[in-house]
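*Asks:* Output the structure for:
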Amino acid sequence: MSKFDEIRFFDDHEVNGALAGIARDPMMKALMNFTFPDREEEVWQEQLKNVHSTSDFQTHFIAHTVRQILAKSSDGLTTSGFDQLDKNTPYLFISNHRDIVLDTSLLNLALLESGHIMTASAIGDNLVRRKFLNVLAKLNRNFLVQRGLSLREQLKSSQTMSEYIDQLLHVQKHSVWIAQREGRTKDGNDSTQQGVLKMLAMAAGDQPLMEYFKTLKIVPISISYEYDPTDSLKMPQLLAQHREEEYIKGKNEDFTTMLSGILGQKKRIHLHAGNVLNTELDEIAAEIENKNKQLQAVAQVIDDSIIRNYKLWPTKFIAYDLLRNSDTYASQYTEQEKQLFARRLEMRIDPSDPVSKEYFLAMYANPLINKTKLQ
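*Replies:* Okay, the predicted model is just below:
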């Protein structure tokens, strides 16, 4: 048994059989009806039989799904920075994380449409416990991050994942997407967890750490939604933290969040690919000897890139002014945009609760606050 079998996505020779296993699943039918509303079931069933690779499935099916999501629940996706990347080079994309499904799906659509190598993507195994979702994830080149392990098991799992990512990038020549932290950012403060970088470093072996990181070709990704379709769903956890209470997820919470992210209104979305980390890593190697401090410095470089390149939509400026009871950024939005956002606030939370209101507004305002600090 391959050491990666517990976490890897499907090899191309497994794809057709995996599709046959879920082709008649009601969830597959719902997905295809959404993706191809004018196509008869017999037609897409027949087309699925001709899919023999993850690339085929992503290109001819999932890319259309993502385009439908954009058409039905957004005012469009814009991108920048991708023209600076080489189309034949695999990269390690480290991204801020706002939406379970869409962050990586939108990146892959951007890569496909600009002729770049699409990614293999890390996803928590807690999100794909249902058999259909597990198979769909592996068809879509998702590999599993194992959650809920003991400390000892966690170490072993991190080592396996580090080696797998190394193999994807250096042997299979796949690009890879991972989030900068475990779980989505709830409060709008995008920061890289050192543990993510520690995991990546495990495959370095005897190679100096910064030299190894240069071989990964790390590209920070900034994704910005004008409206976060899961904003109100993030509130219970934020309020529990405020009250210093333990937050326990509801039984179907992850699934509900996934659906809300996909179908909820996002308005405009922007995706920026930063510069490949290179000279920054040389400088860190020259100035810092301690490995932990090197990892801290790399995390800071990634954070700075994500925050600097984060697209500030009018909602961020409105939230800041409402939070501070000011008109500091009044030139950045219209009165109509402000009224729409205020209406959203009233519909999503109890506006008479000052704590809820503060946390909701901060969720939107923090990217602006962080960018201002950086500048």
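
*Asks:* who are the neighbours in contact with Asp103?
*Replies:* 95-97, 177, 179, 223 (Cβ atoms under 8 Å, 6 or more residues apart in numbering). C-beta: built from backbone N, CA, C; applies to glycine.

*Asks:* Just give me the residue closest to the centre of the chain.
*Replies:* Centroid check for the chain by Cα atoms, centre = their mean gives Asp103 as the closest residue, at 3.5 Å.

*Asks:* can you confirm it is in a helix?
*Replies:* Yes. Counting by DSSP: H, G, I helix; E, B strand; the rest coil, one finds Asp103 located in a helix.

*Asks:* From Thr315, how far out is it?
*Replies:* 18 Å (Cβ to Cβ, to the nearest Å).

*Asks:* Kindly report the same for Arg181.
*Replies:* For Arg181, the distance to Thr315 - Cβ to Cβ - is 22 Å.

*Asks:* which one of the two has more residues nearby?
*Replies:* Thr315 (26 against 19; other Cβ atoms under 10 Å).

*Asks:* so which helix or strand takes in that one?
*Replies:* Taking DSSP states H and E as the definition, Thr315 sits inside helix 314-324.

*Asks:* Same check on Ser222?
*Replies:* Assigned by DSSP H and E, Ser222 falls in strand 218-225.

*Asks:* can you give me the angle that strand makes with helix 314-324?
*Replies:* 70 degrees (axes from the mean of the first three to the mean of the last three Cα atoms, to 10 degrees).

*Asks:* Quick check: mean pLDDT of strand 218-225?
*Replies:* The predicted model gives strand 218-225 an average pLDDT of 98.

*Asks:* Stretch 281-300 now?
*Replies:* 97.

*Asks:* for stretch 52-68, same thing?
*Replies:* 97.

*Asks:* what about dumping the CA coordinates of that stretch to CSV?
*Replies:* Provided in CSV are the C-alpha atoms of stretch 52-68 (Å, rounded to 0.1, in the frame of the first residue of the first chain):
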residue,chain,number,x,y,z
HIS,A,52,-10.4,9.3,-18.0
SER,A,53,-8.4,11.8,-16.0
THR,A,54,-8.7,14.3,-13.2
SER,A,55,-7.7,17.0,-15.8
ASP,A,56,-10.6,16.0,-18.1
PHE,A,57,-13.1,16.1,-15.2
GLN,A,58,-11.8,19.5,-13.9
THR,A,59,-11.8,21.0,-17.4
HIS,A,60,-15.0,19.7,-18.9
PHE,A,61,-17.2,19.5,-15.8
ILE,A,62,-16.0,21.4,-12.7
ALA,A,63,-14.8,24.5,-14.6
HIS,A,64,-18.4,24.8,-15.9
THR,A,65,-19.8,24.4,-12.4
VAL,A,66,-17.6,27.3,-11.1
ARG,A,67,-18.6,29.5,-14.1
GLN,A,68,-22.3,28.8,-13.2
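
*Asks:* Going by neighbour count, which residues in it are buried?
*Replies:* 53-54, 56-58, 61-66 (16 or more other Cβ atoms under 10 Å).

*Asks:* and what of stretch 359-375?
*Replies:* Here stretch 359-375 shows 359-370 as buried, counting by 16+ other Cβ under 10 Å.

*Asks:* would you turn those into TSV with distance to Leu322, pLDDT and secondary structure?
*Replies:* What follows is those, written out as TSV (distance: Cβ to Cβ, whole Å; pLDDT from 0 to 100; DSSP: H, G, I helix; E, B strand; the rest coil):
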residue	distance to Leu322	pLDDT	secondary structure
Tyr359	13	96	helix
Phe360	10	96	helix
Leu361	5	97	helix
Ala362	10	97	helix
Met363	12	96	helix
Tyr364	9	98	helix
Ala365	8	98	helix
Asn366	13	97	helix
Pro367	15	97	helix
Leu368	12	98	helix
Ile369	13	98	helix
Asn370	18	97	helix
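
*Asks:* And the residues you listed, which two are furthest apart?
*Replies:* Phe360 and Asn370 (17.3 Å; Cβ to Cβ).

*Asks:* From the contact counts, what lies against the strand or helix carrying Tyr164?
*Replies:* According to DSSP H and E, Tyr164 maps onto helix 151-170. If you count contacts as 3 or more Cβ pairs under 8 Å, 6 or more residues apart in numbering; DSSP states H and E, helix 151-170 packs onto strand 142-145, strand 175-179, helix 194-201, helix 209-216.

*Asks:* after the helix or strand of the chain with the lowest mean pLDDT comes which helix or strand?
*Replies:* In the chain, the helix or strand scored least confidently by mean pLDDT, DSSP states H and E is helix 253-263, which has a mean of 88. Later in the chain than helix 253-263, the nearest helix or strand by DSSP H and E is strand 267-273.
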